[in-house]
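Chemist: quick one: sequence and predicted model below, then my questions.
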Amino acid sequence: MNIAILSSSVVQKALIALSGLFLFAFLLFHLAGNLLLFDTPGRYNQLAQELEAWGWLFHGLELTLLVAFITHVWLTIAIRRQQKKFLPKHTHVRHKNAWAGNWAVNVTSRLMTISGSLILGFLIIHLQQFRFHPGERNLEALVAQLFHNPAWVAVYELALLPIGLHVAHGFGSSLQSLGFGHEQITPWLPRLSQILSVILILGYALIPLAIYWQIR
Ligand code: HEM
């Protein structure tokens, strides 16, 4: 493997990590915003209007989100292709400092491509339902209407599984790729990733269920 390929794959990994962490930050902000559904009626729509009022800044953030998503997916496919090309079949790469024992080759790691594809499928449906929904932009009413249907509650709950798996591996893996690995920190990264993933998923999981059972 020549050094040019190696160095570019290091850059690619760093970009995958950075875009992944940006998407993770979006997930946290999006959850915080969505939890306003449990605030006083109207507060959720008010937030949406406030964000829209940011004008070009809001649309710039949306564009950055899209660029981060495309970068993340594109470079991941590119790296996978390079690995397939340069490594003999059935070869598992074990890095000298493979973090936390066999974590790098555990279940969540192996499922990254599948979980990523399922997330993409979910996003296409989700954006069509909310972001590009035709007609009046009463998001609060749209969300309430959707989650009164048990089938959609089930779809959203199930979609959280690949998202949770992806974050459970991706968060720690991103920090590792960006060089934050350290003898003392590295062993804790998997646990930290898993805890953050569980918090995120429980937060999102609560919303459809609470609306369906009219707890809000
Ligand atoms: C209970 C769960 C969720 C609810 C109620 C919800 C609600 C919404 C709503 C109402 C919008 C439209 C916002 C607007 O037009 O201003 C939106 C946009 C969006 N959602 Fe969600 N969402 C949920 C979960 C998720 C998850 C798990 C993801 C990621 C995997 C996600 C990713 C997005 C993205 C990327 C946008 C577009 C953001 C933008 O362009 O402003 N959402 N969501």
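Modeler: Right, received. Where do you want to start?
Chemist: any regions of the chain where pLDDT drops low?
Modeler: 1-7, 87-109, 216 (pLDDT under 70).
Chemist: repeat that for 90
Modeler: Along the chain, the parts satisfying pLDDT under 90 run over 1-11, 76-116, 133-137, 169, 176-177, 179-190, 214-216.
Chemist: tell me which parts of it are close to the ligand?
Modeler: Contact residues, the chain versus the ligand (CB under 6 Å from any ligand atom): 27, 30, 34, 48, 62, 119, 123, 126-127, 130-131, 139, 143, 156, 163, 204, 207-208. Quick note: C-beta positions are derived from backbone N, CA and C, even for glycine.
Chemist: now those residues: which count as buried?
Modeler: Buried by 16 or more other CB atoms under 10 Å: 27, 34, 48, 119, 139, 143, 156, 163, 204, 207-208, out of the residues of the chain next to the ligand.
Chemist: tell me where this structure has helices.
Modeler: Assigned by DSSP state H, the helices in the chain fall at 3-34, 43-53, 56-86, 107-110, 112-129, 139-146, 150-177, 189-212.
Chemist: run a quick neighbour tally on Ile16.
Modeler: By other CB atoms under 10 Å, 22 other residues sit near Ile16.
Chemist: list the contacts of it.
Modeler: 71-72, 75-76, 79, 174, 177 (CB atoms under 8 Å, 6 or more residues apart in numbering).
Chemist: and the residues you listed, which is closest to the ligand?
Modeler: His72 (12.1 Å; CB to the nearest ligand atom).
Chemist: for the closest one, which non-adjacent residue is closest in space?
Modeler: Nearest residue to His72, sequence neighbours excluded (CB to CB, 6 or more residues apart in numbering): Ser19, at 4.1 Å.
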